[in-house]
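In: Return a 3D structure for these sequence lines:
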Amino acid sequence: MDLKIGKATPKDSKYVEKLEALFPDLPKRNDIFDSLQKAKFDVSGLTTEQMLRKDQKTIYRQGVKVAISAIYMDLEAFLQRSNLLADLHAFCQAHSYDVLVAMTIFFNTHNEPVRQLAIFCPHVALQTTICEVLERSHS
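Out: Reported below is the predicted structural model:
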């Protein structure tokens with residue numbers, strides 16, 4: 001809720017203040033935020049499909065359907081999941097995705113976010129194009 005961070009809006013602040021007035025025994029804001037943040041990043045027990053759908057966006061451009069999934073773990077750990085390739089292939093087939101972009105995020109020892117990308121695409125030419133564009137990208 002710190003406005004300096006830029007994620008909260010004045011409308012957010014207004015509703016939080018209303019909730020705090022209605023429920024004066026609520027824990028402190030920071031404690032609630034920390035609890036919610038911990039829950040958001042807890043993917044223990046989720047299947048690969050559940051992880052992919054937890055925070056997913058889909059775009060469709062020029063006849064190509066792309067799923068972009070935020071994965072709340074280190075890329076190396078994600079890539080070591082058992083049956084990963086079969087799960088990714090089944091996920092794309094079940095939802096008619098041509099491409100899956102997995103954007104991993106985790107926090108390092110300094111509590112800084114670290115993001116990594118992985119591309120799953122059974123179409124070699126399309127995969128090559130996407131990877132080349134990403135490698136040339138500076139933003």
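In: Every contact and neighbour count from this point should use C-alpha atoms.
Out: Will do.
In: domain assignment for this protein?
Out: 1-41, 46-138 (the TED database).
In: In a markdown table, list those domains along with mean neighbour count and mean pLDDT.
Out: As requested, the domains of the chain are exported to a markdown table (neighbours: other CA atoms under 10 Å; pLDDT from 0 to 100):
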| stretch | mean neighbour count | mean pLDDT |
| --- | --- | --- |
| domain 1-41 | 11 | 83 |
| domain 46-138 | 14 | 94 |
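In: Measure how far stretch 48-58 is from the centre of its chain, please.
Out: Centroid separation for stretch 48-58 versus its chain: 8 Å, with CA atoms, centre = their mean, to the nearest Å.
In: what's in contact with that stretch?
Out: For stretch 48-58, contacts defined as CA atoms under 8 Å, 6 or more residues apart in numbering pick out 43, 65-71, 84, 87-88, 91, 102.
In: so the most centrally placed residue in the chain is in which element?
Out: Centroid-nearest residue in the chain, with CA atoms, centre = their mean: A70, separated by 1.7 Å. A70 is part of strand 64-71, with elements assigned from DSSP states H and E.
In: Please name the strands paired to that strand in the sheet, noting orientation.
Out: Its sheet considered, strand 64-71 pairs with strand 56-61 (antiparallel), strand 99-107 (parallel) by DSSP bridges.
In: so L117 sits right up against A102, yeah?
Out: Yes - L117 is within contact range of A102, at 5.7 Å (criterion: CA atoms under 8 Å).
In: Quick one: list the elements packing against the strand or helix carrying L134.
Out: Using DSSP H and E, L134 sits in helix 124-136. Packing partners of helix 124-136 (3 or more CA pairs under 8 Å, 6 or more residues apart in numbering; DSSP states H and E): strand 113-120.
In: quick one: Q56 and P10, what's the gap?
Out: 26 Å (CA to CA, to the nearest Å).
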